[in-house]
Structure formats: C-alpha cells, structure tokens
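Novice: With the input below, show me the fold.
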Amino acid sequence: MSKLQALIFDVDGTLADTERDAHRVAFNRAFAEAGLDWNWSEDRYGELIKVAGGKERILSYLDSDRPDFSPATDLWAWAKELHRAKKRHYQQLMQEGLIPLRPGVRRLIQEARSRGLRLAIATTSDPENVLALLENALAPDSASWFAAIAAGDMVATKKPAPDVYLYALEKLALPADECLAIEDSHQGLRAATGAGLQTVITVNRYTQDEDFSAAVLVLNHLGEPDLPFEAIAGSTNGATYFDLALAEYLLEAT
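Specialist: Below is the predicted model of the structure:
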C-alpha cells in the first residue's frame with residue numbers, strides 16, 4: 001500500500017481559470033498592440049488550447065485561420081516575439097489581482113503544507129507565468145512552497161507527453177505511486193497517467209466534455225466546506241470537498 005507523499009498540480013485551468021480570463025485576454029492585447037485585427041473569442045480559444053504551448057498555438061492559428069499571413073521576419077522568431085508580448089500582458093493581468101484561485105485550491109495547499117506533504121507543479125506554461133500566478137493569487141512567497149516547478153520548455157516534449165511529470169517526479173525524488181496529480185484536461189490526464197500517476201480531474205468550461213475515463217476521480221472543482229463539489233465520476237468515499245483524507249483514500253484504493 002502506497003503512502004501519499006506529494007501533490008503535483010497543473011496550473012492553467014487547475015489552480016485558476018487562467019486560460020479564459022488571463023491567457024486569452026493577454027493574447028488579444030498582444031495582437032492589438034502589434035496592430036493585428038485578431039481577436040480570440042472564448043469559444044475559439046477553447047478550440048485553440050488543444051494545442052499545447054503559446055507559440056505553438058499562434059502558429060496553429062495561422063495555419064487554420066490566417067493561411068495568407070506572412071510576417072516580415074522568420075515565422076518562428078516572429079511568433080516568439082509576439083508570445084513575449086503576450087507574456088508581458090499576462091503578468092500585468094496577474095499584478096492587477098483579478099484572477100482568483102479555483103475553489104479549494106488554497107485550502108488544499110495549506111493543508112498539505114501543514115501536514116508536511118511535498119508540493120510540485122507540472123505545466124506547459126512558462127515559468128514566469130507560473131510565478132506571476134502564484135505570487136499574486138496565492139502568496140508572495142508561495143513559489144518556495146513547491147519542491148519542484150516543472151514548466152514551459154524545461155522538457156523536450158510538452159503535454160500530452162509525460163515528460164513534464166517525469167521531470168517533476170525526478171526533482172521530488174519520489175515514485176509515481178506515492179504522488180497524486182491534479183489536472184483539468186484530457187491532455188494533462190494523458191501526461192500524468194503516462195508518468196504512472198493517479199490523477200484527479202477538476203473540469204472547467206473548456207474541458208468538461210473531454211474523456212476522463214482514466215482518472216481516479218472527476219469533479220467540477222475541489223470544493224470547500226461551505227461549497228460542496230459535484231462528483232462527476234469516481235468514488236468520493238462520502239466526502240463533499242477534496243482534502244488529504246480523500247487523496248489518501250484514492251491512492252490506497254488503486
């Protein structure tokens with residue numbers, strides 16, 4: 001029987017609804033700043049986020065929606081520069097403090113810290129974006145709470161490849177069966193389970209209809225004592241919000 005030693009969190013859509021309310025908005029601000037008449041609606045962005053990585057997302061959009069667009073410079077260099085501007089706008093949004101954490105995230109992290117469990121991040125988002133969210137939505141020093149932050153281009157292949165989770169496990173120096181991943185998307189689920197991790201899903205608007213059959217538990221959010229979660233699939237063992245007792249139950253039951 002494995003004992004829970006660490007929680008590994010995805011970021012975008014898991015810790016906060018950053019995809020819709022921050023990344024999308026930052027992309028649109030960067031487009032306007034660059035003199036482009038592009039605007040990614042909430043629905044269109046829901047399709048585009050199936051492409052992992054911001055630069056890759058821009059290039060995918062060009063292929064599908066703007067096939068005649070040709071920048072004056074090398075395409076990849078141009079995409080990197082546009083993405084750099086997007087990151088600046090994203091960090092400005094974070095500093096405005098308008099993006100809250102999803103229900104239960106702060107409580108669960110604080111409970112894990114009080115119990116001495118280790119914490120890690122595994123995301124395709126850039127490290128600077130991760131830090132901006134943590135410092136402004138969680139606590140100014142919260143990056144130091146995480147024993148491993150696996151982000152951005154630290155690995156060769158992004159989700160749904162398992163590389164970023166394997167990297168986090170290596171930094172934690174823990175086997176997969178002593179850790180639990182918390183994700184929000186099918187791509188993230190594939191990445192986590194590909195690394196051997198049992199995975200809890202908290203869906204959002206963009207991911208609620210995806211295939212989560214490989215998850216040990218699927219919820220609408222982590223819940224609070226006064227805001228019960230909705231269990232979509234899997235056993236909650238009678239719990240109404242996600243805590244370490246439920247995390248340990250899930251790990252021991254698999």
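Novice: From here on, just use CA atoms for contacts and neighbour counts.
Specialist: Fine.
Novice: Next, work out how far apart the residue in the chain sticking out farthest from the centre and Gly53 are.
Specialist: No residue in the chain has its C-alpha farther from the mean C-alpha position than Ala72, which lies at 33.3 Å (Cα atoms, centre = their mean). Remark: distance between Ala72 and Gly53 (Cα to Cα, to the nearest Å) = 23 Å.
Novice: ok, now Arg115?
Specialist: According to Cα to Cα, Arg115 and Gly53 sit 34 Å apart.
Novice: So between those two, which is more surrounded?
Specialist: When Arg115 and Gly53 are compared on other Cα atoms under 10 Å, the one with more neighbours turns out to be Gly53, at 18 against 11.
Novice: ok but Thr193 is inside a helix, no?
Specialist: Yes - secondary structure of Thr193, determined by DSSP: H, G, I helix; E, B strand; the rest coil: located in a helix.
Novice: which residues touch it?
Specialist: Residues near Thr193 by Cα atoms under 8 Å, 6 or more residues apart in numbering: Pro162, Thr199, Ala214.
Novice: what sits against the last one?
Specialist: When you say that, I think you mean Ala214. For Ala214, the set of contacting residues under the criterion of Cα under 8 Å, 6+ apart consists of Leu189, Thr193.
Novice: Using the three-state scheme, assign the residue farthest from the centre of the chain.
Specialist: coil.
Novice: Looking at it now. What's its pLDDT?
Specialist: Turning to Ala72, the model gives it a pLDDT of 83.
Novice: Distance-wise, check it relative to Glu33.
Specialist: From Ala72 over to Glu33 (counting by Cα to Cα), the distance is 17 Å.
Novice: same question, Ser235
Specialist: Between Ser235 and Glu33 the distance, using Cα to Cα, works out to 48 Å.
Novice: related to what we said a few turns ago, show the contacting residues for the residue farthest from the centre of the chain.
Specialist: For Ala72, no residue meets the contact criterion (Cα under 8 Å, 6+ apart).
Novice: And for Arg190, the neighbour number?
Specialist: Taking other Cα under 10 Å as the definition, Arg190 ends up with a neighbour count of 21.
Novice: ok, Val230 to Leu180 distance?
Specialist: Heads up, residue 230 is Glu, not Val. The span separating Glu230 from Leu180 equals 20 Å under the rule Cα to Cα.
Novice: For those two, indicate the residue with more neighbours.
Specialist: Between Glu230 and Leu180, counted using other Cα under 10 Å, Leu180 has the larger neighbour count: 24 against 16.
Novice: doesn't Leu180 fall inside a strand?
Specialist: Yes - with three-state DSSP as the criterion, Leu180 is assigned to a strand.
Novice: Surely it is in contact with Lys3?
Specialist: No - taking contact to mean Cα atoms under 8 Å, the distance of 10.4 Å between Leu180 and Lys3 leaves them out of contact.
Novice: joint contacts of the two?
Specialist: Counting by Cα under 8 Å, 6+ apart, the contacts common to Leu180 and Lys3 are Leu251.
Novice: Relative to Glu47, how far out is the residue farthest from the centre of the chain?
Specialist: Using Cα to Cα, one gets 27 Å for the distance from Ala72 to Glu47.
Novice: now swap in Gly35 and tell me
Specialist: Computed as Cα to Cα, the Gly35 to Glu47 distance reads 24 Å.
Novice: hey, where'd the helices end up in the stretch 1-150 of the chain?
Specialist: Per DSSP state H, counting those that start in this stretch, the stretch 1-150 of the chain carries helices over the ranges 18, 24-33, 42-48, 54-65, 75-95, 105-115, 127-133.
Novice: What angle do helix 54-65 and the fifth one make with each other?
Specialist: Think helix 75-95. With axes from the mean of the first three to the mean of the last three Cα atoms, to 10 degrees defining the directions, helix 75-95 sits at 120 degrees from helix 54-65.
Novice: what does helix 75-95 rub up against?
Specialist: With contact meaning Cα under 8 Å, 6+ apart, helix 75-95 is reached by 22-23, 25-27, 29-31, 34, 54-55, 58-59, 71, 99, 129, 132-133, 136-137.
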